[in-house]
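S.K.: just a sequence and a predicted model for now, questions to come.
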Amino acid sequence: MWSEVLGSTEFDGSTRFFDAGGTSAMVLQVGERLRARLGLPELSVVDLFEHCTPDTLTEFLAERV
């Protein structure tokens, strides 16, 4: 998901979204895509800011799907 929005794979599981080149607008895109693909309408932008690495976001989402 991140690589689609960022247009890059130059990050690892511990890289923070903004350190990988992400912007606030891109966070909104990630949220929209995750809500649609995973069927999680309750996923908020705050969740994405709190779980801002691929590893922490994956763990967070695994608890909800």
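M.R.: Sure, I can see it.

S.K.: show me the shaky parts of the chain.
M.R.: Residues of the chain meeting the criterion pLDDT under 70: none.

S.K.: for it, what's the longest helix?
M.R.: In the chain, taking DSSP state H as the definition, the longest helix is helix 24-38.

S.K.: and the next helix or strand past that helix?
M.R.: helix 45-50 (DSSP states H and E).

S.K.: give the buried residues for that following helix.
M.R.: Buried residues in helix 45-50, defined by neighbour count with 16 or more other CB atoms under 10 Å: 47, 48. (Glycine included, C-beta is placed from N, CA and C.)

S.K.: so which elements touch it?
M.R.: With contacts taken as 3 or more CB pairs under 8 Å, 6 or more residues apart in numbering; DSSP states H and E, helix 45-50 sits against helix 24-38, helix 54-62.

S.K.: related to what we said a few turns ago, got the contact list for the longest helix of the chain?
M.R.: With contact meaning CB atoms under 8 Å, 6 or more residues apart in numbering, helix 24-38 is reached by 1-2, 4-6, 17, 22, 40-41, 43-45, 48-49, 61, 64-65.

S.K.: nearest to residue 13, of the helices and strands packed on helix 45-50?
M.R.: For residue 13, the closest of the helices and strands packed on helix 45-50 is helix 54-62, at 3.9 Å, according to CB to CB.

S.K.: just the C-alpha atoms of that closest one, please, in CSV.
M.R.: As requested, the backbone C-alpha atoms of helix 54-62 are provided in CSV (Å, rounded to 0.1, in the frame of the first residue of the first chain):
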residue,chain,number,x,y,z
PRO,A,54,4.7,-0.7,8.0
ASP,A,55,5.4,-3.0,10.9
THR,A,56,3.2,-1.2,13.5
LEU,A,57,0.4,-0.6,11.0
THR,A,58,0.4,-4.3,10.0
GLU,A,59,0.2,-5.4,13.6
PHE,A,60,-2.6,-2.9,14.3
LEU,A,61,-4.6,-3.9,11.2
ALA,A,62,-4.1,-7.7,11.9
